[in-house]
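> Sequence plus the predicted model coming up.
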Amino acid sequence: MSKSWVDPEAALQFITKNGEIAYLIYQSRDTVTAELEEDGDKLNIKLKTATKVSNLVEQHVYKLKVDKDTEVIEVLINGNSTPIDIVSGS
């Protein structure tokens, strides 16, 4: 994935490639772990953050193979539904 696709000002981005592969990019100063949960036609992406002592923003990139039956993707950060800042694709 090209870094030119990533907006350095947007914290949460979702980029698709060819309709099958997607990248979730979360830019944060925190330590981040991810968990996926399928619920019918919905995919929940659960991100958990833990504070770390750093002023550097890191890109946490997750590569996903999205099932054709997936209708809804929801991102939850520390249990809170979070809107995606930018959705783009090719």
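Received, thanks.
> Contacts for the lowest-mean-pLDDT helix or strand in the chain next, please.
Within the chain, confidence by mean pLDDT, DSSP states H and E is lowest for strand 86-89 among all helices and strands, at a mean of 90. With contact meaning CB atoms under 8 Å, 6 or more residues apart in numbering, strand 86-89 is reached by 5, 7, 10, 12-17, 19, 22. Glycine gets a C-beta too; all of them are placed from N, C-alpha and C.
> mind redoing it with 10 Å?
With contact meaning CB atoms under 10 Å, 6 or more residues apart in numbering, strand 86-89 is reached by 5-7, 9-19, 21-23, 25, 73.
> For the residue positioned nearest the centre of the chain, which non-adjacent residue is spatially closest?
The chain has residue 24 as the residue nearest its centroid, 2.9 Å off, counting by CA atoms, centre = their mean. Nearest residue to residue 24, sequence neighbours excluded (CB to CB, 6 or more residues apart in numbering): residue 62, at 4.5 Å.
> is it true that that neighbour lies in a helix?
No. Counting by DSSP: H, G, I helix; E, B strand; the rest coil, residue 62 is not found in a helix; it is strand.
> Next up, the contacts around it.
Here residue 62 is in contact with 14, 22-26, 32, 34, 36, 45, 47 (CB under 10 Å, 6+ apart).
> next one: the least confident helix or strand of the chain to chain centre, how far?
In terms of CA atoms, centre = their mean, to the nearest Å, the centre of strand 86-89 is found 11 Å from the chain centre.
> Could you list the paired strands of it along with their orientation?
Strand 86-89 has the following sheet partners, assigned by DSSP bridges: strand 12-17 (parallel).
> quick check: mean pLDDT across the partner strand?
For strand 12-17, mean pLDDT rounds to 92.
> partners of the next helix or strand after it, with directions?
Per DSSP states H and E, strand 12-17 leads on to strand 21-28 as the next helix or strand towards the C-terminus. Paired neighbours of strand 21-28 in the sheet (DSSP bridges): strand 12-17 (antiparallel), strand 58-65 (antiparallel).
> Great, nothing more from me.
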